[in-house]
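> Got a sequence here, can you model it:
(chains A and B)
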Amino acid sequence: MAYTSHFLAQLLDLFAAGLLLISFAMLSERRTQRLVTLFAWQGAVLFASTLLVAHSAGLEEVYYSAALTLVLKVIILPWILHRLIRRLGAEWDSELLVNVPVTMLLGLGFVIFAFGLAQPISTLATTITRNTLGIALAVILLAFLMMITRRKAITQVIGFLAMENGLFFAATSATYGMPMVIELGIALDVLVGMLILGVFFFQIREQFDSLDLQHMETLKED
Amino acid sequence: MEIMLVLGLPLLGSLMLALFGARRFAAELNVGVSLATLAAGALLVVRVIKHGPILALREQFFVDSFNVFLVALTAFVGFTTAVFSRPYMRIEEHHGRVTSRRLRLYHSMYQLFMAAMFLALLTNNMGLLWVAMEAATLSTVLLVSLYRTRASLEAAWKYFILCGVGIAQALFGTILLYFAAEQHLGQNGMTALLWTHLNAVKGQLEPRVLGLAFVFLLVGYGTKVGLAPLHNWLPDAHAEGPTPVSAVLSGLLLNVALYAVVRCKVLVAGSIGTSLPSHMLMVFGLLSAVLGAFFLWRQRDIKRLFGYSSIEHMGIITFAFGMGGPVANFAALLHMTVHSLTKSSIFFTAGHASQAAGTQRMDDIRGMLAISPTIGWGLVLGSLAILGMPPFGVFASEFLVLTTAMRSAPWTTPFLLVALGVAFAAIFSRIQPMVFGDTSARPLPHSPALVPVFVHLAMVLALGLYIPPALAEWYRAAAQLIG
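Down below sits the predicted model:
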C-alpha cells in the first residue's frame, strides 16, 4: 500500500512537471493556433492529474470535477477558441515576441518565487499532492507573465484561461478540490466569460480592424 | 423567504427584459422590477431588525446588520438609478447612440448585475461570494462597451482583463482559506467555506496560511474596489459606459467589493492576531486617497473626474476600516452610505449635463444653470456634498475618520488632509465654469429625471444634520461585528 501511494505521488509530480513545461512552452509559442493546442494539452494533463487524485483519495466529488475538466478545458474551450480563430481568419497569425530569453529568465524567477512562497504551506498539507502547490502557483504566475508580455487579444485570453488552469490545480493539490457547487459556479463563469469574449472579439475587430491591442492606446491619463 | 425574493426578483426581471427589453415599456418594467426588489429588501430589513441575524437555506445565506444595511442601500440606489435611466436612455436613443436591441441587452444585464450583487452580499459561502463577484464583472463588461465605440471597447477590455486577473487572485486566496478551514471543519465542502463557521473557529486557523490568503484576497477584491495601484480600469469604465452604469458601478459595486474585503479581514485578523491586515488596509487606503486626489487635477472628462473621486473616497473608507474600532467602523459605514448616494446623484447630473452639451469634455460644458437650473444646481450641490462641505453627511463621516486618525494613527493625518484639500481644489475649480456663464447648448429632447438627484442629496443632507437613532444603532451593531 505504502509502495503504491508512493508511486502515485511520483506520478502526480510527473504530471505537475508536465504542466509547468507546457506553461513555459506557451510562453514562447508565437503561433496563436498552436497556443490553443498547447492549452488543450494543459487541460488534458490537468484532467489526468485530477483523475489520479480522485483515485488515490477515493472521493466521488473529485471524479466529477475531473469530468468537468475534461469536458470544459479539453473539449469545449479549445473548440470555441479554434472556431473563433477560424471565423476571424486568424489561422496563420503569429506575433512578434520581444526578447524570449529575458521572458524565460523572468519565468524562472517566478517559479523560484512561487516555490519559496508555497514552501511553508506545503508542509501543512496532508494530501498526497502537497509538493505540487508550488508548481500550481508557478503556473498561475507564468500565465500572468504571458498576459503581460503579449499584445494580442486572443493570446491574453488564453493566458487568462491558463491562469484558471493553475488555480484549479492549486485547488486539487492543496485540498482535494473545491466544493462541487463552487466548482460548477466557476466553470459557468469561465464559460460565460468565454462567450462574452467571443462577442467582444468581433466588436474589437470591427472597430479596430485588428485584434492587436497596440491600437488600444487612446485612453490615457490627461 | 425575503432573501429568495431579493435574489429572485432581479433574476426574473433580467429574464423578462431579455424577452421584452426591446419594447417601448422596457424602461418602465425595469423600474417596476427595481421597485419590487426594493420592497423585498425593505421586508428583509424589517425582519432582521425584529428577529436579529438570519441563517437560511442550510446556512448558505446569512444576513446580519452589516450586510442588510448594504442590501437596503443597493436596492435603493438600484431603484433610483432605474428611474433615472428611463429618460436618460431615451435621450441616448434619440441621439442615435443606442438601438432598441442594445437597450434590451442593457436592461437585461442591469437586472442581472443587481442579482449578482445581492448574491454577493447575502451569501454565507466564501466560494459563492467569489462566483457572485465574477458574475457581477461579467454582466457589466457588455454594459461598459454598450456604445461600441473604440474608446468604450478599450475600456471594457481593460475592465475585463484587469478585474479578471484580480479576481483570479481572489480565487487563489479563497482556495487557501478553504485549505486552512478544512483542517478544522472537515472535508465537507458545504460547510467548510461558510463564513459563520469560519468565524467561529477563526482563532484556531493556521495564521501563516491565512496571512497569505489575505494578501491574495485583498489584491483580488481590492482591484474591484479600485484601490491604487490596481485602479486603472475604474476611470475608463466609468467614463466610457452609459451613465446609469457609471452610477451603479461607483455607488454599488465598489461597496460590494469592499464588503468582501472586510468580511475576509474579520476572519484573518481574528486568526493571526497581529495588526498586519489592518495595516495593509490602511496603507492601500491612504495610497488610493492621495493618488486619486492628485489624479483629479489632470482630468478633462467629467465622468473620469468623478471616477477618480470614487477612488479617493473608497481609499478613505478602506483606511477607516483598516483603523478598526467602533468609531472608525461607524464612520466607514456612514461614509459608504453617503458616498454611494452622493456619487450616484452626481453621475446622474453629470450624465444629463454632458447630454445637453453634447460632450463629456469639461472645457466644452458651459453655463449649465442657463440651460436647466435643476442640472446646474444638482451639479453644484452634489459637488459640494462630495467635497465634504458641512452640513452634508460626507462632512460628518470624514470628520469622524480624521479625528480617529489623529488619535490612533497620527502620522496619517497630514496625508488625509492633503488628499481632501487637493480634491477640493481640483473639483471645485472645474465645476464653477461648467455651471455659470453663457452657453450655446440646447435643451434636452426628453425632460430629465432629476428627482432621484435631489432625493439622494436631501438624504445626504439629512444624514449630516441628524442620524436617526435606529440607523445609528444599526451602524453601531454592524461596527461591533466588524471589530
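
> Compute the number of surrounding residues for residue 95.
Going with chain A. 17 (other Cβ atoms under 10 Å in any protein chain shown). (Glycine included, C-beta is placed from N, CA and C.)

> looking at chain B here, not the other one
12.

> Identify the residue nearest it in space, chain neighbours excluded?
B:Gln355 (7.3 Å; Cβ to Cβ, 6 or more residues apart in numbering or on different chains).

> after the host helix or strand of the one you found comes which helix or strand?
B:Gln355 belongs to helix B:325-357 when assigned by DSSP states H and E. Per DSSP H and E, helix B:325-357 leads on to helix B:368-371 as the next helix or strand towards the C-terminus.

> now the helix or strand following that following helix, how far from the centre of its chain.
The helix or strand immediately downstream of helix B:368-371 is helix B:373-386, counting by DSSP H and E. In this view, helix B:373-386 has its centroid 20 Å away from the chain centroid, taken as Cα atoms, centre = their mean, to the nearest Å.

> Keeping just the C-alphas, turn helix B:373-386 into CSV.
The C-alpha trace of helix B:373-386 is given here as CSV (Å, rounded to 0.1, in the frame of the first residue of the first chain):
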residue,chain,number,x,y,z
PRO,B,373,-31.5,75.2,-13.3
THR,B,374,-32.0,71.7,-12.0
ILE,B,375,-29.0,70.3,-13.7
GLY,B,376,-26.9,73.3,-12.7
TRP,B,377,-27.9,73.2,-9.1
GLY,B,378,-27.7,69.5,-8.9
LEU,B,379,-24.1,69.7,-10.1
VAL,B,380,-23.2,72.5,-7.6
LEU,B,381,-24.9,70.8,-4.6
GLY,B,382,-23.6,67.4,-5.5
SER,B,383,-20.0,68.6,-5.7
LEU,B,384,-20.3,70.5,-2.5
ALA,B,385,-21.6,67.4,-0.9
ILE,B,386,-19.0,65.0,-2.2
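
> Next, the angle helix B:325-357 makes with that helix.
On the basis of axes from the mean of the first three to the mean of the last three Cα atoms, to 10 degrees, helix B:373-386 is oriented at 150 degrees to helix B:325-357.

> Which other helices and strands does helix B:373-386 contact?
Helices and strands touching helix B:373-386, as assessed by 3 or more Cβ pairs under 8 Å, 6 or more residues apart in numbering or on different chains; DSSP states H and E, comprise helix B:302-323, helix B:325-357, helix B:368-371, helix B:393-408, helix B:413-435, helix B:451-465.

> okay, and for chain A, where does confidence drop off?
Applying pLDDT under 70 to chain A picks out residues A:1-4, A:93, A:96-97, A:125-130, A:214, A:217-222.

> Can you report how many residues neighbour the closest residue to chain B within it?
Nearest residue of chain A to chain B: A:Pro179, at 2.6 Å (Cβ to the nearest Cβ). A:Pro179 sits with 23 neighbouring residues when counted by other Cβ under 10 Å.

> and what of A:Ile112?
12.

> that older thread, got the angle between the helix holding B:Gln355 and helix B:413-435?
Going by the same axes, to 10 degrees, helix B:325-357 makes 20 degrees with helix B:413-435.

> Now A:Arg34: which helix or strand?
Assigned by DSSP H and E, A:Arg34 falls in helix A:32-57.

> list the helices and strands that helix packs on?
helix A:2-28, helix A:60-69, helix A:77-87, helix A:153-174.

> swap the cut-off to 10 Å and go again
Where contact means 3 or more Cβ pairs under 10 Å, 6 or more residues apart in numbering or on different chains; DSSP states H and E, helix A:32-57 is packed against helix A:2-28, helix A:60-69, helix A:77-87, helix A:133-149, helix A:153-174.

> Dig out what the closest residue to B:Leu122 other than its chain neighbours forms beta bridges with.
Nearest non-adjacent residue to B:Leu122, counting by Cβ to Cβ, 6+ apart: B:Phe61, 5.1 Å away. B:Phe61 forms beta bridges with B:Ala56, B:Thr123, as assigned by DSSP bridges.

> hang on, B:Phe61 packs against B:Ile3?
Yes - counting by Cβ atoms under 10 Å, a contact exists between B:Phe61 and B:Ile3, whose distance comes to 5.1 Å.

> so what's in contact with the two at the same time?
By the contact definition Cβ atoms under 10 Å, 6 or more residues apart in numbering or on different chains, B:Phe61 and B:Ile3 are jointly contacted by B:Ile54, B:Leu119, B:Leu122, B:Thr123.

> neighbour-wise, which of those residues leads?
Of the shared contacts of B:Phe61 and B:Ile3, with other Cβ under 10 Å as the count, B:Leu122 tops at 26 neighbours.

> Tell me if I'm right that it and B:Val63 touch.
Yes - look at B:Leu122 against B:Val63 with Cβ under 10 Å: they come within range, at 6.3 Å.

> how about the residues of the stretch 251-400 of chain B near chain A?
Within the stretch 251-400 of chain B, the positions adjacent to chain A are B:Phe295, B:Arg298, B:Gln299, B:Arg300, B:Asp301, B:Arg304, B:Tyr308 by Cβ under 10 Å from any Cβ of the partner chain.

> Quick check: the third one is in a helix.
No - in this structure, B:Gln299 is coil, not part of a helix, as judged by DSSP: H, G, I helix; E, B strand; the rest coil.

> circling back: just the buried members of the residues of the stretch 251-400 of chain B next to chain A?
B:Phe295, B:Gln299, B:Asp301, B:Arg304, B:Tyr308 (16 or more other Cβ atoms under 10 Å in any protein chain shown).

> biggest separation within those, which pair?
B:Phe295 and B:Asp301 (12.0 Å; Cβ to Cβ).

> which residues do those two both contact?
In contact with both B:Phe295 and B:Asp301: B:Pro235, B:Gly307, using Cβ under 10 Å, 6+ apart.

> Which residues belonging to the helix holding B:Gln355 are considered buried?
For helix B:325-357, by 16+ other Cβ under 10 Å, it's B:325, B:327-357.

> and the angle for that helix with helix B:302-323?
Going by the same axes, to 10 degrees, helix B:325-357 makes 180 degrees with helix B:302-323.

> Show me how far helix B:325-357 is from its chain's centre.
9 Å.

> Just the angle for the helix or strand harbouring B:Met89 relative to helix B:451-465, thanks.
Assigned by DSSP H and E, B:Met89 falls within helix B:65-94. For helix B:65-94 against helix B:451-465, the angle by the same axes, to 10 degrees is 150 degrees.

> Can you point out the buried residues in helix B:65-94?
Going by 16+ other Cβ under 10 Å, helix B:65-94 has these buried residues: B:65-93.

> what's the distance between that helix and the middle of its chain?
12 Å.

> got it, and stretch A:61-81?
In this view, stretch A:61-81 has its centroid 12 Å away from the chain centroid, taken as Cα atoms, centre = their mean.

> and that stretch, which residues are buried?
A:61-66, A:68-70, A:72-74, A:76-78, A:80-81.

> hmm, that stretch in reach of chain B?
Yes - residues of stretch A:61-81 are located near chain B by Cβ under 10 Å from any Cβ, namely A:Glu61.

> Quick one: the residues of the stretch 251-400 of chain B next to chain A as TSV, columns for distance to B:Arg361 too.
Below are these laid out as TSV (distance: Cβ to Cβ, whole Å):
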residue	distance to B:Arg361
B:Phe295	17
B:Arg298	14
B:Gln299	10
B:Arg300	6
B:Asp301	6
B:Arg304	10
B:Tyr308	16
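
> Closest one of the residues you listed to chain A?
Among those, and counting by Cβ to the nearest Cβ, the member closest to chain A is B:Arg298, at 5.3 Å.
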